[in-house]
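Student: my questions concern the predicted model and sequence given below.
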Amino acid sequence: MARAANYDRDAALDAAMTVFWRNGYHATSLKDLEAALNMKPGSIYAAFQSKENLYLLAMARYFDVSRQGFRAQMATAASPLAGLAAQFQIYASLADADPSRHACMLMKTLIDTKATDPQLAQASQDYLEQMCDEIARVFDAARTAGEIPMDADPKRLARRYQANITALRVELQRGLPSADIAALAADMTKETLQLGLSCKFDVPPENS
């Protein structure tokens with residue numbers, strides 16, 4: 001097997017992640033990878049063993065970057081619930097060239113490979129579940145902080161929240177007009193913030 005030439009592994013994985021995220025596993029050719037990584041086929045296989053293994057590594061990198069970004073944003077939020085609500089506005093305000101306007105790589109992988117590549121599909125499923133757990137921990141923190149009722153189910157709320165984020169990103173990739181994206185994000189933000197109404201505010205009846 002050809003020995004891999006000197007290369008920047010982090011840069012190569014970033015490049016692979018970008019091209020796989022944009023094209024999907026099956027639609028990404030070896031020529032695409034050669035161009036993106038600036039590596040010869042022999043060097044790619046020497047460094048990463050196979051296209052499937054390179055994809056797994058790229059997907060792991062995508063998950064790590066996504067999780068780190070989520071944690072950083074939650075750490076600077078005024079409160080757990082406010083941090084979760086703000087995510088929708090962050091996606092709605094992304095620049096046109098921002099790669100995060102693409103649908104989630106993990107969800108795209110699951111759809112693309114479920115019937116053909118069980119190892120890739122299972123890995124994407126595992127990462128999606130880990131991300132759901134990450135979100136559930138924030139909802140649990142919101143419950144502890146008194147932002148949502150103590151009988152609220154953090155995992156159930158996390159699944160609904162994750163589904164909303166996925167839907168918003170699909171609409172971004174579809175190219176929905178910015179005004180429609182903003183309205184959708186506003187509705188999702190409102191829905192998230194209203195989770196706290198029952199324990200934080202007493203809403204008086206009309207004409208009281």
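Tutor: Yep, that arrived. Numbering: from 1, shown residues only.
Student: now do the buried residues in the longest helix seen in the chain.
Tutor: Looking across the chain with DSSP state H, the single longest helix is helix 118-144. Buried residues in helix 118-144, counting neighbours by 16 or more other CB atoms under 10 Å, are found at 120-121, 123-125, 127-128, 131-132, 134-143. Heads up, the C-betas are built off the backbone N, CA and C, glycines and all.
Student: what's the answer for stretch 162-175, then?
Tutor: For stretch 162-175, by 16+ other CB under 10 Å, it's 162, 164-165, 168-169, 171-172.
Student: now find how far off-centre it is within its chain.
Tutor: Between the mean C-alpha location of stretch 162-175 and the chain-wide mean there is a distance of 10 Å, by CA atoms, centre = their mean, to the nearest Å.
Student: quick check: the residue nearest to L168 when sequence neighbours are not counted vs D140, distance?
Tutor: Spatial nearest neighbour of L168, excluding adjacent residues (CB to CB, 6 or more residues apart in numbering): Y91 at 5.5 Å. Computed with CB to CB, to the nearest Å, the distance linking Y91 and D140 is 23 Å.
Student: now swap in R67 and tell me
Tutor: From R67 across to D140, the span is 17 Å (CB to CB).
Student: same thing with A77?
Tutor: 15 Å.
Student: the longest helix of the chain - what's its average pLDDT?
Tutor: Averaging the model's pLDDT scores along helix 118-144 yields 97.
Student: just the CA atoms of stretch 89-105, as CSV, please.
Tutor: These are the backbone C-alpha positions of stretch 89-105, laid out as CSV (Å, rounded to 0.1, in the frame of the first residue of the first chain):
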residue,chain,number,x,y,z
GLN,A,89,-32.6,32.8,15.8
ILE,A,90,-28.9,31.8,15.3
TYR,A,91,-29.8,29.5,12.4
ALA,A,92,-32.2,32.0,10.9
SER,A,93,-29.5,34.7,10.8
LEU,A,94,-26.8,32.5,9.2
ALA,A,95,-25.0,34.1,6.2
ASP,A,96,-25.9,32.6,2.8
ALA,A,97,-22.5,31.0,2.5
ASP,A,98,-22.5,29.4,6.0
PRO,A,99,-22.3,25.6,5.7
SER,A,100,-24.6,25.3,8.7
ARG,A,101,-27.4,26.3,6.3
HIS,A,102,-27.2,22.7,5.0
ALA,A,103,-29.4,20.1,6.7
CYS,A,104,-27.7,18.2,9.5
MET,A,105,-25.0,15.9,8.3
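Student: buried stuff in that stretch?
Tutor: 91-92, 101, 103-105.
Student: show me which pair in the residues you listed is furthest apart.
Tutor: Greatest spatial distance among those (CB to CB): A92 and M105, at 19.6 Å.
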